[in-house]
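Novice: just a sequence and a predicted model for now, questions to come.
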Amino acid sequence: MKLYHLLTFDRSLKVRWLANELDVAFEQITLDISKMAHLTPPFSDMNPYGLIPTIEKDNGQVLFEAAAICLDMCRSKGKSLINEEDIEFMQWLFFFASSLDALSGAIVSLKVFGENQGVRTLAERRLPPRLAAMEKHLAGQSYWYKNQFSLLDIFAWQNLAFLYVDGQLHNYPNLAAYVEKMANRPALAQLNPNGLLYGNNG
């Protein structure tokens, strides 16, 4: 499997973490974002949508969108990490991959492209009710779904980690503790999550 990505902590982190959990070997190919390599040939010939992460499977199939890639990996190698028959499980997966991702992505964009008060105000107005509900959900449990590690934790963690870095979790001790604890999980620790959480490479 070939995995194409742009940055150390872009959405491909979810795929790389899951690959570590499942002991799936992959070739990591970092595209040059300064040259917009994800929007130009040869990558655009393979994925004209220009979306990251993208994988090219050993059978030649190309997949993009982290949720689709991770579901495919779990179906073949990690069925214990998913429950597609449970609509609640799928509800959370879609929430983390879309609704929460849009808000955490807006916060991340401020780090990458510079502060924009309009973007920040909109995101910070929408975050509190969602974070309060998530804080309540995690009370008394270590993992997101049935208190067992699952694909949902991988998706929840990256979104919450971006918010943690921005200081959005100060009033949500359960969420902050979850982010910190999950960073020590061996399969994630290999990817140096402290570089994201604390801005270091140690």
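Specialist: Sure thing, it's come through.

Novice: check which residues of stretch 31-38 are buried.
Specialist: By neighbour count on 16 or more other C-beta atoms under 10 Å, the buried set for stretch 31-38 is 31, 37-38. (C-beta placed from N, C-alpha, C; glycine too.)

Novice: next, the contact list for residue 38, please.
Specialist: 4, 6, 31, 44, 47, 50-52 (C-beta atoms under 8 Å, 6 or more residues apart in numbering).

Novice: if we can go back for a sec, return the member of the buried residues of stretch 31-38 nearest to residue 195.
Specialist: residue 31 (19.6 Å; C-beta to C-beta).

Novice: next, give phi and psi for the residue lying closest to residue 6 once chain neighbours are set aside.
Specialist: Take residue 6 and drop its neighbours on the chain: the residue closest to it by C-beta to C-beta, 6 or more residues apart in numbering is residue 33, 4.6 Å away. Residue 33 adopts backbone torsions of phi -70, psi -30, taken as degrees, to the nearest 10.

Novice: how about residue 112?
Specialist: Dihedral angles for residue 112 - degrees, to the nearest 10 - are phi -80, psi -40.

Novice: same thing with residue 142?
Specialist: phi -100, psi -20.

Novice: so what's it closest to, chain neighbours aside?
Specialist: Using C-beta to C-beta, 6+ apart, the nearest residue to residue 142 is residue 181, at 7.1 Å.

Novice: could you check how far that neighbour is from residue 153?
Specialist: 10 Å (C-beta to C-beta, to the nearest Å).

Novice: which of those two has more neighbours?
Specialist: Neighbour count, other C-beta atoms under 10 Å: between residue 181 and residue 153, residue 153 has more, with 22 against 12.

Novice: that one reaches residue 182, doesn't it?
Specialist: Yes. Between residue 153 and residue 182 there is a contact at 6.4 Å, judged by C-beta atoms under 8 Å.

Novice: beyond whatever helix or strand the residue nearest to residue 142 lives in, next helix or strand please.
Specialist: Using DSSP states H and E, residue 181 falls within helix 173-182. Counting by DSSP H and E, the next helix or strand C-terminal to helix 173-182 is helix 186-189.

Novice: which residue comes closest to residue 65 once chain neighbours are left out?
Specialist: Nearest non-adjacent residue to residue 65 (C-beta to C-beta, 6+ apart): residue 51, at 6.6 Å.

Novice: tell me which element the one you found is part of?
Specialist: Per DSSP H and E, there is no helix or strand for residue 51.

Novice: would you agree residue 71 falls within a strand?
Specialist: No. With DSSP: H, G, I helix; E, B strand; the rest coil as the criterion, residue 71 is located in helix rather than a strand.

Novice: can you tell me how far the residue lying closest to it once chain neighbours are set aside is from residue 29?
Specialist: In this structure, residue 71 finds its nearest non-sequential neighbour in residue 82, 6.6 Å apart by C-beta to C-beta, 6+ apart. Shown here: residue 82 relative to residue 29, a distance of 26 Å by C-beta to C-beta.

Novice: neighbour count for those two, which is higher?
Specialist: Taking other C-beta under 10 Å, residue 82 and residue 29 do not tie; residue 82 has more neighbours (20 against 14).
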